[in-house]
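>>> just the structure for this:
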Amino acid sequence: MEIKYSRVSSQGQNLDRQGKSDYADTCSGSIPLNSRPQGGKMLAKVAKGEISAIRVHSIDRLGRNTLDILQTIESLTSQGVNVISEKEGLQTLVDGKPNPIAKMMLGILSTLAEFERDQIRERQREGIEKAKAKGVYKTNGGRDAENISDFLNKEKNSKCLLELKRGESIRRAASLAGVSASTAQKIKRLAGV
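Sure, this is the predicted structure:
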């Protein structure tokens with residue numbers, strides 16, 4: 001069965017431009033596919049052999065980290081799943097065999113996606129510094145404000161998110177991950193679990 005996967009970074013973004021999707025996440029591209037709510041469900045079906053092809057609008061919907069994207073695609077391809085990127089016109093499998101041209105292009109495209117993410121962060125940092133210089137930047141208790149992705153990717157928070165996705169209660173997930181119940185609630189709210 002062929003399915004469509006989509007991802008946007010924030011609630012304000014529109015999934016419509018990526019077309020009708022079977023699975024769609026609203027989260028940072030830096031969160032690994034298997035740690036995303038819908039991405040995890042999709043990969044569970046892949047593991048059961050229920051999905052033969054995954055269509056994405058563009059390769060950066062799978063992630064923004066080169067290594068993560070390549071490992072995800074390698075894992076899917078090794079399970080016989082054809083990853084089809086509409087924007088780039090790539091397929092990882094042709095007649096059931098790995099496509100060497102797609103592999104080369106994916107390496108280049110995932111590197112560019114990571115570069116773009118780094119550029120966005122740099123522009124964001126520059127904007128924050130300018131806002132601080134003008135005295136208009138609000139901080140969190142005197143500390144620099146933390147973005148959602150960095151918060152969710154902290155080791156204990158990431159473990160808590162995993163436990164929440166496994167169906168654990170907020171208190172149980174907090175206990176297993178070594179975080180407070182209020183932090184677990186925040187993780188649940190931000191990740192949309």
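>>> after the longest helix anywhere in the chain, which helix or strand is next?
Secondary structure assigned by DSSP state H gives helix 100-134 as the longest helix of the chain. Sequence-wise, the next helix or strand downstream of helix 100-134 (DSSP states H and E) is helix 148-153.
>>> ok, residues contacting the next helix or strand after that following helix?
Remark: after helix 148-153, the chain's next helix or strand is helix 155-165, criterion DSSP H and E. The contact list for helix 155-165 (C-beta atoms under 8 Å, 6 or more residues apart in numbering) reads 35, 37, 40, 151-152, 170, 172-174, 176-179, 183-184, 187-188, 191, 193. Where you see a C-beta, it was placed from the backbone N, CA and C, and this is true even at glycine.
>>> show me which of these are buried.
The neighbour-count test (16 or more other C-beta atoms under 10 Å) marks 35, 37, 40, 152, 170, 173-174, 176-177, 179, 183-184, 187-188, 191 as buried among the contacts of helix 155-165.
>>> tell me how many other residues surround residue 85.
Residue 85: 23 surrounding residues under other C-beta atoms under 10 Å.
>>> what distance do you get for the closest residue to it other than its chain neighbours to residue 94?
Closest residue to residue 85 apart from its sequence neighbours, by C-beta to C-beta, 6 or more residues apart in numbering: residue 59 at 4.8 Å. Applying C-beta to C-beta, to the nearest Å, the value for residue 59 to residue 94 is 17 Å.
>>> neighbour count winner among the two?
Per other C-beta under 10 Å, whichever of residue 59 and residue 94 has more neighbours is residue 59, with 23 against 12.
>>> who are the contact partners of that one?
69, 85, 87, 88, 90, 106, 109, 110, 113.
>>> and the strand or helix carrying the first one, average pLDDT?
Assigning secondary structure by DSSP H and E places residue 69 in helix 66-78. Across helix 66-78, pLDDT averages out at 84.
>>> who touches it?
32-33, 46, 54, 59-60, 62-63, 83, 92-93, 98, 106-107, 110-111, 113-114.
>>> go with 6 Å
32, 33, 62, 63, 83, 92, 98, 106, 110, 111, 114 (C-beta atoms under 6 Å, 6 or more residues apart in numbering).
>>> buried ones only from those, please, as a ChimeraX command.
This is how ChimeraX selects the buried members of these, with burial counted by 16+ other C-beta under 10 Å:
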select :32,33,62,63,83,92,106,110,114
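>>> so how far is residue 121 from residue 114?
As judged by C-beta to C-beta, residue 114 and residue 121 stand 11 Å apart.
>>> ok, now residue 74?
Relative to residue 121, residue 74 is positioned 26 Å away (criterion: C-beta to C-beta).
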